[in-house]
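make a model of this:
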Amino acid sequence: MKKHNFYAGPSILSPYTIKHTADAVLDFADTGLSLLEVSHRSKEFQAVIDEACALTKELLQLPDDYHVLFLGGGASTQFCMVPFNLLEKKAAYLNTGVWATKAIKEAKLFGEVDVVASSEDTGFNYIPKNYTIPTDADYFHYTSNNTIYGTELRKDPDSPVPMVCDMSSDIFSRVFDPTKYELIYGGAQKNLAPSGVTFVIVKESALGKVSRAIPTMLDYRTHVKKGSMFNTPPVLPIYSALMTLRWYKENGGVKEFQRRDEEKAAILYDEIDRNKLFMGTAAEEDRSIMNVCFVMKPDYAELEKEFLDFATSKGMVGVKGHRSVGGFRASLYNALPKESVEALVAVMKEFEAKH
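Okay, the predicted model is just below:
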């Protein structure tokens, strides 16, 4: 039976990425060595990281004064590194969910944090609007996509101060204006690579402004100077990231994947809105095209486990909602084919017919 992978992360990777990574595990770049054992100082791996940086810049149309870094520690470490490097007196944060909340907690260790708005009052099921960003803030931070709650901010906000964004789960899924941002970061395990590497895109002029001393490993300038190789980088996920980036380029780039993602999401949301058994959980205008969250309608709440078992029996994998909110979640990342969404819709229709 074919499996359809809707996990929120670690998540589906393209067959191209999996095959080429598997080949490199056996023999990397005709060296006779496995990718798992090759020196990160070798000219063969240097070529990998150079191309990965160049393709990231090309696909996202980054100006020359932006650096691309591949680091360890996940986005959670970035919650600390961002304010360590950028927060001198005050920063503004938008609170749209668990990950934004965690970022806010870390930032408070380094200075004043102005939470300009929050959607916590209704369980983070919408993106706040009409908030004011203080003009004396060092930066404005937001999380573009909220995997747990299925909300997403798909347009660049207007900000009077430099912006920082956690794009862990929607990078490469939409065209955006990089010049609006001072720093962009994210875990790779949604739209780029297996877990273990974190991407950071940082503007040169953003660095070196704070007065505090920064530990060597937590200073972005360290990693810029050493080309992400101050210490041993996570070699395998960086190689997988390169394969994904090549796949993106060969398939039309970010604009084409935005079209595909919007099409996939529309198919699933249309079924949720049509089906008598299900209902969406996020405000309609803020629905994520990466993570579609839905539940049984109140009259059919007792069918939740039955549907989950039914969907699993049909090859749907990873559709259980996050433990903190329940219900269902279908993650529609770039590597997920439209056929998988259509298969899930067919399962929902079949379950509706049964009841």
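
can you list the low-confidence ranges for the stretch 201-350 of the chain?
Applying pLDDT under 70 to the stretch 201-350 of the chain flags no residue at all.

all strands for it, in order.
278-280, 291-296, 316-317, 328-331 (DSSP state E, counting those that start in this stretch).

if we compare the ones you listed, which one ends up closest to Asp158?
With Cβ to Cβ as the criterion, Asp158 lies closest to strand 291-296 of the strands of the stretch 201-350 of the chain, at 25.1 Å. No exception for glycine: its C-beta is placed from N, CA and C like everyone else's.

wait, isn't Cys165 in contact with Thr143?
Yes. Contact criterion Cβ atoms under 8 Å: Cys165 and Thr143 qualify, at 7.4 Å.

so for these two, which sits in the more crowded spot?
Taking neighbours as other Cβ atoms under 10 Å, Cys165 and Thr143 compare with Thr143 leading, 29 against 26.

re earlier: redo the strands of the stretch 201-350 of the chain as JSON lines? Include mean neighbour count and distance to Ile18.
What follows is these, written out as JSON lines (neighbours: other Cβ atoms under 10 Å; distance: least, Cβ to Cβ, whole Å):
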{"stretch": "strand 278-280", "mean neighbour count": "18", "distance to Ile18": "31"}
{"stretch": "strand 291-296", "mean neighbour count": "25", "distance to Ile18": "22"}
{"stretch": "strand 316-317", "mean neighbour count": "18", "distance to Ile18": "15"}
{"stretch": "strand 328-331", "mean neighbour count": "25", "distance to Ile18": "17"}
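
out of those, which is closest to Met229?
Among the strands of the stretch 201-350 of the chain, strand 328-331 sits nearest to Met229 (Cβ to Cβ), with 31.7 Å.

residues making contact with the closest one?
Strand 328-331 has contacts (Cβ atoms under 8 Å, 6 or more residues apart in numbering) with 6-9, 11-12, 147, 150, 190, 268, 290-295, 307-308, 318-322, 341, 344.

who are the neighbours in contact with Leu192?
Ile171, Phe172, Gly186, Phe199, Ser240, Ala241, Thr244, Leu245.

what ranges do the helices span in the chain?
Listed in chain order, the helices of the chain (DSSP state H) span residues 15-26, 43-60, 74-86, 98-107, 220-225, 235-250, 253-274, 304-313, 338-354.
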